[in-house]
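>>> Would you be able to build a 3D model of this:
(one chain, ligands or ions: 1)
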Amino acid sequence: MSSSSWMLDATTLPKLGCLGQGHHGYISLVKTPDGLLMAKKTSYRKYSDDLEKELRILHHFNSINFNIVRPTSPIIYYETMPVNVKICSIYMEIAPHGSLEDMMTKAGGRLPENVVGYCTLLILEGLKDLHKDGYVHCDLMPENILIFPTYTHGELCELKLADFGLAKEPNGPNPLDGSLFQGNPEYLAPEAVGPRRIISSAVDIWSLGVMVIEMLGANVGGRNDYLSATLSPMAWDFVRKCKVRDWEDRATAEELLSHPFANQSIGIPPLEMLPVPHCLTDGVVQGRFF
Ligand SMILES: Nc1ncnc2c1ncn2[C@@H]1O[C@H](COP(=O)(O)OP(=O)(O)OP(=O)(O)O)[C@@H](O)[C@H]1O
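Predicted structure coming up:
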């Protein structure tokens, strides 16, 4: 990457489209003068602490882990918009195939089991390093897993963890009470609510189990008897290990990496299964990816 794209004159970059919308802001597609396409994540300035933390985490893992989205600028940028609206932004590489949620929507709400196994393996690769360094994502859901093309080892796509706004840093404060999985309570590990409120890497493993259920098209609120009857024995065994109620007995990312469910060899999603955000469809935007 050239030094000109690393230090941006953020205010002059044209906004070419919208890549996504979150609860605290939006993600837009921008292009640098030398033709590099990037994702710009913007929120109101009152959320700047979360955005600064997200950028810190992205930088921490920039050269360590390829399954965590990469930042494309070193600092957070502050701007004042018309009518004195104060915003802040960070820049990162663009996911040309959107999010896992987009892929599920495109597939009609259910992915083939071997594709889910492959996606799970890539997510576990990201979680393993995150947890090894003492971080907890705390917001693991399909919309926060981004899809990238890759042509290494004959693979077609690569998944990366994104959206670290609620993440817990080593020795950092817990996310605010009530901030996790608003509207998606099934994703929240039981020990992360109530008076004890334990936030550890096991919280992400619980969410991963729920995500696997969702990707397989089953009911995420379903009880164990329903899940054991609905999922394949291998998928159910994986989910069961993620959803152990006692967080200290829950499997770790490292352990789950060797589970047969995450090692199905023929689950690489075919090209036609990969979504493409509207603003990136052919002919609309020309440019290079990071
Ligand atoms: N780097 C990226 N490339 C392409 N699309 C992206 C990128 N980052 C985010 N998006 C899209 O934008 C959506 C929202 O992003 P993100 O979750 O980071 O925003 P947020 O404001 O933190 O959301 P929330 O408040 O709901 O957690 C994602 O689900 C994805 O569809």
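>>> Quick check: which ranges of this structure have low pLDDT?
1-12, 151-156, 265-268, 282-287, 289-290 (pLDDT under 70).
>>> Quick one: end-to-end distance for stretch 83-100.
Using Cα to Cα, to the nearest Å, the end-to-end distance of stretch 83-100 comes out at 36 Å.
>>> hmm, that stretch in reach of the ligand?
Yes - contact of stretch 83-100 with the ligand (Cβ under 6 Å from any ligand atom) involves M92, I94, A95, G98, S99. C-beta coordinates here come from the backbone N, C-alpha and C atoms, glycine included.
>>> From these, which land in helices?
Judged by DSSP state H, helices contain none of the residues of stretch 83-100 next to the ligand.
>>> What are the boundaries of the strands in the stretch 51-200 of the chain?
77-81, 85-92, 145-149, 157-161 (DSSP state E, counting those that start in this stretch).
>>> Output those in a markdown table; the columns should cover mean neighbour count.
Output for the strands of the stretch 51-200 of the chain, formatted as a markdown table (neighbours: other Cβ atoms under 10 Å):
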| stretch | mean neighbour count |
| --- | --- |
| strand 77-81 | 13 |
| strand 85-92 | 20 |
| strand 145-149 | 22 |
| strand 157-161 | 23 |
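>>> For the stretch 1-150 of the chain, what lies in contact range of the ligand?
19-20, 22-25, 27, 39, 41, 69, 92, 94-95, 98-99, 139, 143-144, 146.
>>> Just the buried ones from those residues?
The neighbour-count test (16 or more other Cβ atoms under 10 Å) marks 19-20, 24-25, 27, 39, 41, 69, 92, 94-95, 98-99, 139, 143-144, 146 as buried among those.
>>> So which other helices or strands are in contact with the helix or strand where G20 lies?
For G20, the element it lies in under DSSP states H and E is strand 15-21. If you count contacts as 3 or more Cβ pairs under 8 Å, 6 or more residues apart in numbering; DSSP states H and E, strand 15-21 packs onto strand 25-31, strand 37-44.
>>> For it, which outside residues touch it?
26-31, 37, 39-40, 94-95, 98-99, 143, 277-280, 284-285 (Cβ atoms under 8 Å, 6 or more residues apart in numbering).
>>> Who does the closest residue to H97 other than its chain neighbours form a beta bridge with?
Nearest non-adjacent residue to H97, counting by Cβ to Cβ, 6 or more residues apart in numbering: I147, 3.7 Å away. Beta bridges link I147 to L159, judged by DSSP bridges.
>>> correct me, but I147 touches I123?
No - with contact defined as Cβ atoms under 8 Å, I147 does not count as touching I123 (11.4 Å).
>>> anything in contact with each of the two?
Shared contacts of I147 and I123 (Cβ under 8 Å, 6+ apart): L159.
>>> Could I get the full set of helices for the protein?
Under DSSP H, the chain gives helices at 3-6, 48-61, 100-106, 113-132, 201-215, 224-230, 233-242, 253-256.
>>> so who does D102 touch?
D102 neighbours (Cβ under 8 Å, 6+ apart): I147, P275, P277.
>>> what about the residue lying closest to L111 once chain neighbours are set aside, how many neighbours?
Residue nearest to L111 in three dimensions, not counting chain neighbours: M215, with 5.0 Å by Cβ to Cβ, 6+ apart. Counted by other Cβ atoms under 10 Å, the residues lying close to M215 total 26.
>>> Also P185?
Neighbours of P185 (other Cβ under 10 Å): 11.
>>> Kindly report the same for the one 10 residues further on.
Burial of P195, expressed as a neighbour count using other Cβ under 10 Å, amounts to 4.
>>> Thought A107 was touching the residue nearest to L111, still the case?
No - the pair M215 / A107 is not scored as a contact, 9.2 Å apart, by Cβ under 8 Å.
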